[in-house]
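A.B. asks: mind folding the following:
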Amino acid sequence: MRKGEIMLNINELNITGRDAPRLLGGGTPCGVSGDCTPASRPVSASGSAERATTASSQFAVGELAADIIGLTGMSGAGKSVAARVFGECGFKVIDCDKEAREVIATPPCSEAVRRAFPQAYNDNGEFDRAKMAQIVFSEPQNLQKYEKIIYPFIIHKIMNIITTAVENAPNDRNFLLDAPTLYQSGADSLCRKVVAIIADKELCLRRIVHRDGIDERDAFLRLNAQPGAEFYRERADFFVENNGTLETLTNEILKIAKELK
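C.D. replies: Down below sits the predicted model:
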């Protein structure tokens, strides 16, 4: 087993309720609109060895090996484009934000969220993501409360996805966790390497407004609730500073994907 690989058997993980590790959560999807150009460089992150050791020891069960790369970064920096390129290079991309939406809409997670945040549901009993975004991004304690509820359910789903995929295709074990809250949730401990996409804050703000159709105030609150560029520079093994053209971003991700595959 290579350094950074994890052995998976979801039935032996024993992840239940609030006692589960805070490993993976949903965030706002990070897309890109307009031009975006990066400058990337490998970063010798002090946490790399610790991540590999933690992942190997915590999930060294069963007989299935998976090699997992993490992808994270600022909202509006271009992470969705990076994930698409990784997918085209043969990585199985797990969209953690998408999986989070499905988990949150399904019992028992949906029931726990509704008990804690009844104001996030409309008169028909439907979950209002826009309303929830306003609630959690306006008050840090609300975000912490929300994450504490959803992370155990989401990590269980993600590990099931990986385990099933490896069982069905044992020789195809390269996964990419596209996770906006990779570090905040602790999911970086699952990853052999982490790639972060960052950009100038003002550019991210404009992209979020255009992409999500929200006003600048809501976009500003969302960005301010998340780490800035320096957070990712200090932690990621690779980072791409994405302030220019789509072609340049694509080429930089292709280089990194080739090195990591």
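A.B. asks: SS state for residue 94?
C.D. replies: Three-state assignment for residue 94 (DSSP: H, G, I helix; E, B strand; the rest coil): strand.
A.B. asks: excluding residues flanking it in the chain, which one is nearest it?
C.D. replies: Spatial nearest neighbour of residue 94, excluding adjacent residues (C-beta to C-beta, 6 or more residues apart in numbering): residue 177 at 5.5 Å. All C-beta atoms are positioned from the backbone trio N, CA, C, and that covers glycine.
A.B. asks: looking at this, that neighbour is in a strand?
C.D. replies: Yes - looking at residue 177 with three-state DSSP, it is inside a strand.
A.B. asks: against residue 119, how distant is it?
C.D. replies: Here residue 177 is placed at a distance of 31 Å from residue 119 (C-beta to C-beta, to the nearest Å).
A.B. asks: with residue 94 instead?
C.D. replies: Using C-beta to C-beta, which is the criterion applied here, residue 94 is 30 Å from residue 119.
A.B. asks: who has more neighbours, the two?
C.D. replies: Neighbour count, other C-beta atoms under 10 Å: between residue 94 and residue 119, residue 94 has more, with 21 against 11.
A.B. asks: who's in contact with that one?
C.D. replies: Residue 94 makes contact with 158, 161-162, 175-178, according to C-beta atoms under 8 Å, 6 or more residues apart in numbering.
A.B. asks: and for residue 208, the neighbour number?
C.D. replies: Other residues within reach of residue 208 by the criterion other C-beta under 10 Å amount to 25.
A.B. asks: correct me if wrong: it contacts residue 219.
C.D. replies: Yes - between residue 208 and residue 219 there is a contact at 4.1 Å, judged by C-beta atoms under 8 Å.
A.B. asks: between these two, what contacts are shared?
C.D. replies: Between them, residue 208 and residue 219 have residue 76 as joint contacts when contacts are counted by C-beta under 8 Å, 6+ apart.
A.B. asks: from residue 216, how far out is the most centrally placed residue in the chain?
C.D. replies: A centroid search over the chain (C-alpha atoms, centre = their mean) returns residue 179, at 0.5 Å, as the residue closest to the centre. Distance from residue 179 to residue 216, counting by C-beta to C-beta: 26 Å.
A.B. asks: which stretches of the stretch 51-200 of the chain aren't confidently modelled?
C.D. replies: Across the stretch 51-200 of the chain, the ranges flagged by pLDDT under 70 are 51-64.
A.B. asks: so residue 170: helix, strand or coil?
C.D. replies: Under three-state DSSP, residue 170 falls in the coil class.
A.B. asks: neighbours of residue 260, how many?
C.D. replies: The burial count assigned to residue 260 is 18, neighbours taken as other C-beta under 10 Å.
A.B. asks: list the contacts for it?
C.D. replies: When contacts are counted by C-beta under 8 Å, 6+ apart, residue 260 is found next to 69, 192-193, 195.
A.B. asks: and the residues you listed, which two are furthest apart?
C.D. replies: In terms of C-beta to C-beta, these reach their longest pairwise distance at 192 and 195, which sit 11.0 Å apart.
A.B. asks: looks to me like residue 65 is in a strand.
C.D. replies: Yes - if the criterion is three-state DSSP, then residue 65 is within a strand.
A.B. asks: can you count the residues close to it?
C.D. replies: Every residue meeting other C-beta under 10 Å relative to residue 65 is counted, giving 15.
A.B. asks: so how far is the strand or helix carrying residue 146 from its chain's centroid?
C.D. replies: Element membership for residue 146 (DSSP states H and E) is helix 140-168. Centroid separation between helix 140-168 and its chain, computed with C-alpha atoms, centre = their mean, to the nearest Å, is 10 Å.
A.B. asks: enumerate the positions of it that are buried.
C.D. replies: 142-143, 146-147, 149-159, 161-163, 165-166 (16 or more other C-beta atoms under 10 Å).
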